[in-house]
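Colleague: When you get a sec, could you give me coordinates for this:
(2 chains)
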Amino acid sequence: MIDFSSVADNFNVIYPELALLIGAFAVLLLGTVKRFAGLCTSVAGLTALIALWLAVDQFGTQQSGFFGMVTCDAFGSAFKIIFIAIAIVTMLIAHRFMIVKQIARPEFYALVLISTFGMIVMANTTDMIVMFLGLEIMSVPLYVLAGFARRSLQSNEAGIKYFVMGAFASAFLLMGIAFVFGASATTDLRRIVADFSYIIYHSGLYMYVGIALILVGFGFKIGMVPFHAWVPDVYQGAPTPVTAFFSAGPKAAGFAVLLRLFMFGFEGVAELSSIFWVLAVLTMTAGNVLALLQDNIKRMLAYSSIAHAGYILIAFAVGGEDALSAAIFYSIAYAIFNLGAFAVVVLLETRSGCRSDFSELAGLSKASPYLCAVLALFVFALTGFPPTIGFFGKFYLFSTAVKAGFIWLAVIGVLNSFVSVYYYLRVLKVSYFDRVEQPALSVSYTPAITLVLLITAAGTLGFGLFPQKLLEFAQSAVFAFL
Amino acid sequence: MIPISAYLVVAAVLFGIGTVGVLTSRNLIIVFMSVELMLNAGNLVLIAFSRALNVLDGHVFVFLVLTVAAAEAAVGLAMLITLYRNRETVNIDRFDLLKW
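Modeller: Just a heads-up that it's a prediction; the model follows:
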């Protein structure tokens, strides 16, 4: 007999998720009535703020519910806050852009909220069934978001490419989970960890096949080389605010699950360290080298996001608690300055006839000096110059690698950062020093996007100078790792 | 009693056909079908293991996967129709606006 008296306690665990879901459906319903359609933006924003408040309230507690299917530990609740914050920033960035490009529809906000819900589900569980479902709840709205500009051929193409690659990756992931289930007779990572040596001894082959397939599946999702081919196409073709969301949210979610799987669930497989060593080197090198060749800012940022995924993969090769908190720290840092950089790109693209090619940056320093200064800050953060958060994130990541004896990995990481200086600084070179015949179009700020620029700039610089608070946040997310 | 390996071989073959279909086919609809084939190969593995191990988790998982596959197919076909309206083709080779 199931005891239903504790059902209410179960719902305590998922208050932020519930808020997001209710808000998303409210937006969908309101969107059908013309008179209320204008309200949708505010409803979505309010929902996200409420969810953020609930998530912050939950942070630091350790609860599980729904028969162990949902586990809201410090790691999970930290990522809840990150995902909801990313969703809020995305909606702020998107508002004006969608109106200018004539694709402002209420469904956009509902899709962002549902996708965020999926991310939270996948980060807050130790059960692989729930992880798979969360991944799909996250991905399906993302396919639609990538193709959101229905009339734009590029957006159509980005959507369909993302859909095919995403579904392909899901099939690999499902196959992997099936094999791990076959080896261990359970889908719960905690039970797999408890009997790990027994499972490897009795059905090691199934387990290895399963782990490899899972790695391929998530490799696609986080844009790991050699499964990265879709990233630049989708990043370039999707509407720019959606690209900003892609590069921050789903990426962080993919890493959250990957961290849980490979630094907790399958930690016992010793060979994984050297596999991740190779993958990290491949990913950062390929990302940085290919970024050198790009003429489109969005495409350059796509390759740069591959490179940054490579840096985070270093943590998987190193292993251990320090590496874990370094990976969490870097994911947050990357989300902050990358969203800032994309906010600038969105602002530039709202000018008429702009396609975010490098040449459009020429003369920007004269036309809008403040924006150019902010852009410079984000570029410095992406490169990893002090005193930005980008520097501290990289420093923390590489120093944990050195401490654990992975000196060559850290050296390759640093060399890669030097390569990246070239293409990042090209942004500044064009915007500050290139000559132009006619002055650049000036940009029109809105309160929402100004707020985003201020927050991300303050975060990039503030946490760069005083990383203590963010570091404590990342470390506290580790210690209660369930 | 059919040994578990037989089911796994069938699933592997299905998965292989699906993978090859996704990678080589020029028609988007066939690509979608191949992806479904791969998902069903996964389902077959889940069911086979579930039966062999006498655990119910796999059976339940398969139902959830079926739902997910239906949702994915709905979204994918909707996007395909949008694409066809704009381009009047579903041939993958023609989607070359985005490349480096």
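Colleague: mean confidence for the helix ranked longest in chain B?
Modeller: Secondary structure assigned by DSSP state H gives helix B:57-87 as the longest helix of chain B. Averaging pLDDT along helix B:57-87 gives 93.
Colleague: That helix and chain A in contact?
Modeller: Yes: for helix B:57-87, a contact with chain A is found by Cβ under 8 Å from any Cβ of the partner chain, at B:57-58, B:60-61, B:64-65, B:68, B:71-72, B:75-76, B:79-80, B:82-83, B:86-87. Glycine gets a C-beta too; all of them are placed from N, C-alpha and C.
Colleague: Give me the buried entries from those residues.
Modeller: B:57-58, B:61, B:65, B:68, B:72, B:75-76, B:79-80, B:82-83 (16 or more other Cβ atoms under 10 Å in any protein chain shown).
Colleague: Counting neighbours, what do you get for residue 14?
Modeller: Answering for chain A, as no chain was given. Using other Cβ atoms under 10 Å in any protein chain shown, A:Ile14 has 23 neighbouring residues.
Colleague: My question was about chain B, not that one.
Modeller: Considering only other Cβ under 10 Å, B:Leu14 is surrounded by 19 other residues.
Colleague: can you pull the contacts of it?
Modeller: Listed by Cβ atoms under 8 Å, 6 or more residues apart in numbering or on different chains, the contact partners of B:Leu14 are B:37-38, B:40-41, B:44.
Colleague: want to throw these into CSV with neighbour count?
Modeller: What follows is those, written out as CSV (neighbours: other Cβ atoms under 10 Å in any protein chain shown):
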residue, neighbour count
B:Leu37, 18
B:Met38, 25
B:Asn40, 20
B:Ala41, 25
B:Leu44, 20
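Colleague: Relative to A:Tyr208, which of these is nearest.
Modeller: Using Cβ to Cβ, B:Ala41 comes nearest to A:Tyr208 of the contacts of B:Leu14, at 18.5 Å.
Colleague: which stretch of helix or strand covers that closest one?
Modeller: Applying DSSP states H and E as the criterion places B:Ala41 in helix B:28-53.
Colleague: and stretch B:66-78, how far from the chain's centre?
Modeller: From the chain centre to the centre of stretch B:66-78 is a distance of 10 Å (Cα atoms, centre = their mean, to the nearest Å).
Colleague: what kind of secondary structure is A:Tyr198 in?
Modeller: At A:Tyr198 the chain is in helix, as set by DSSP: H, G, I helix; E, B strand; the rest coil.
Colleague: Got the confidence number for it?
Modeller: pLDDT recorded at A:Tyr198 is 89.
Colleague: ok, now which ones touch it?
Modeller: By Cβ under 8 Å, 6+ apart, A:Tyr198 has no neighbours at all.
Colleague: try A:Leu174
Modeller: Residues in contact with A:Leu174 (Cβ under 8 Å, 6+ apart) are A:132, A:217, B:39, B:42-43, B:65.
Colleague: at 10 Å instead, please
Modeller: By Cβ atoms under 10 Å, 6 or more residues apart in numbering or on different chains, A:Leu174 lies in contact with A:128, A:132, A:135-136, A:213-214, A:217, B:15, B:38-43, B:45-46, B:61-62, B:65, B:68-69.
Colleague: From those residues, keep the buried residues only.
Modeller: For the contacts of A:Leu174, a neighbour count by 16+ other Cβ under 10 Å gives the buried set as A:128, A:132, A:135-136, A:213-214, A:217, B:15, B:38-43, B:45-46, B:61-62, B:65, B:68-69.
Colleague: before we move on, the earlier item: just want the angle from the helix holding B:Ala41 to helix B:57-87.
Modeller: 180 degrees (axes from the mean of the first three to the mean of the last three Cα atoms, to 10 degrees).
Colleague: can you give me the mean pLDDT across helix B:28-53?
Modeller: 94.
Colleague: what does stretch A:419-426 give?
Modeller: 92.
Colleague: Show me which positions of that stretch end up buried.
Modeller: Under 16+ other Cβ under 10 Å, the buried positions of stretch A:419-426 are A:419-420, A:423-424, A:426.
Colleague: quick revisit: so which elements touch the longest helix of chain B?
Modeller: helix A:128-146, helix A:153-184, helix B:28-53 (3 or more Cβ pairs under 10 Å, 6 or more residues apart in numbering or on different chains; DSSP states H and E).
Colleague: Which members of the contacts of B:Leu14 additionally contact chain A?
Modeller: The subset of those within reach of chain A, by Cβ under 10 Å from any Cβ of the partner chain, is B:37-38, B:40-41, B:44.
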